[in-house]
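[1] need a structure here:
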Amino acid sequence: MFGQSSRSIRRAAVCAGALAAAALAIGTATALPQAPWSTERVSADRAAPRAAAAATPRTVPLLGRKSNGRLYDYEPNGSGGVKAAVDLGGGFADATALVQAGHSDNGAGTDLYFRIGKTLYYTAERGNDTKAVGTGWDVYNLLMSPGNLGGTAHDDIVGRDAAGALWLFQGKADGTLAARIRIGTGGWNGMDVLAGRGDYTGDGKSDLLARATTGTLYLYPGTGNAAADAAFGARVTVGTAWGTTAYKTLVSIGDGKADLIGVDPAGALWLFKGTGRASAPFEARTQIGTSGWTAFNILF
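    Residues are numbered from 1 along each chain as shown. Presented below is the predicted three-dimensional model:
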């Protein structure tokens, strides 16, 4: 895994590109700088191509934004918790969506998508500067990445529209996205959280977690099929006590396995380690943070 100092330098470069795009979006910049990601040290485990990493899932960090617009990076510590925060810098207060996904460095990078106004931007952890992906993204009231849901070599983006339909955008190596595919016909506005960055059922395919506004948490097993309305198998009820009175937010991370993190109303952080079994996808919760986590208005 990366040492914290090299991680901090690399993240700073990523954010420099992202901030340049944000400045461009509001008319205060005319060009995007090139960032020197290629000069940084790359560890063997994070640099492995996605195909080779299929049997050993990659590490997924926890990222968070505070109300002042600053981003923070919490790397998994290898034992179920997270390392001390690395401050990635500010300027993201105007972003209405933030998503991490893996495209750069053969899918091993932790890249960033962010939306400002109607435009979605992409910045690579290594290998590219920030660029606009497209406009019209304000039609989606929720954006997230479930990992590689569609069966290609790179992570995908899922968006939910105002009618409650769910759409899949398959990712490409350069951070651009394929034409959208509908993977849910309606009713998804009844969910207040969508999460998932890997396999929760043990079949080697990425899955989706969804929390209903009633507090019920569902697991939607991925089929690996990107055809219209065919991305999921029959949903499984994980539990009924997952509402906002228990957890203000839920977010997926991974330290080799797909796990789930919850923040309770008091600001404590809880880890639900993945089991790889659809019938009982999580172990009993473990507290990994005592307080202060409600300071983040987005965890992703």
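[2] ok, L269 to V251 distance?
    Look at L269 and V251: by CB to CB, to the nearest Å, they are 10 Å apart. Where C-beta positions appear, they are placed from N, C-alpha and C, glycine not excepted.
[3] right, I mislabeled it, should have said G90
    21 Å.
[4] please say which of those two ends up with more neighbours.
    When G90 and V251 are compared for neighbours, V251 comes out ahead with 24 against 14, by other CB atoms under 10 Å.
[5] list the contacts of the spatially closest residue to T213 that is not a sequence neighbour.
    Distances taken as CB to CB, 6 or more residues apart in numbering place D192 nearest to T213, at 5.2 Å, with adjacent residues excluded. D192 is in contact with 211-213, 244, counting by CB atoms under 8 Å, 6 or more residues apart in numbering.
[6] quick one: buried ones out of those?
    Buried by 16 or more other CB atoms under 10 Å: 211-212, out of the contacts of D192.
[7] could the contacts of D192 be laid out in JSON lines, adding pLDDT, secondary structure and distance to H154?
    Listed next are those as JSON lines, based on pLDDT from 0 to 100; DSSP: H, G, I helix; E, B strand; the rest coil; distance: CB to CB, whole Å:
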{"residue": "R211", "pLDDT": "98", "secondary structure": "strand", "distance to H154": "26"}
{"residue": "A212", "pLDDT": "97", "secondary structure": "strand", "distance to H154": "29"}
{"residue": "T213", "pLDDT": "96", "secondary structure": "coil", "distance to H154": "32"}
{"residue": "T244", "pLDDT": "95", "secondary structure": "coil", "distance to H154": "33"}
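[8] out of the contacts of D192, which is nearest to A278?
    Proximity of these to A278 (CB to CB) peaks at R211, which lies at 16.9 Å.
[9] pLDDT weak spots in the stretch 201-300 of the chain?
    254-256 (pLDDT under 70).
[10] 90 instead, please
    By pLDDT under 90, the weakly predicted segments of the stretch 201-300 of the chain are 204, 226-227, 253-258, 276.
[11] tell me which stretches of the stretch 101-250 of the chain form strands.
    Along the stretch 101-250 of the chain, counting by DSSP state E, counting those that start in this stretch, strands occupy 111-116, 119-123, 131-134, 140-147, 156-161, 166-169, 181-184, 191-198, 207-212, 217-220, 236-239, 249-255.
[12] of all those strands, which one is nearest V263?
    Of the strands of the stretch 101-250 of the chain, nearest to V263 by CB to CB is strand 249-255, at 5.1 Å.
[13] next, the angle from that closest one to strand 191-198.
    0 degrees (axes from the mean of the first three to the mean of the last three CA atoms, to 10 degrees).
[14] strand 249-255: what's the following helix or strand?
    The helix or strand immediately downstream of strand 249-255 is strand 258-263, counting by DSSP states H and E.
[15] ok, the helix or strand that comes right after that following strand: who's next to it in the sheet?
    The C-terminal neighbour of strand 258-263 among helices and strands, as given by DSSP H and E, is strand 269-272. Its sheet considered, strand 269-272 pairs with strand 258-263 (antiparallel), strand 286-289 (antiparallel) by DSSP bridges.
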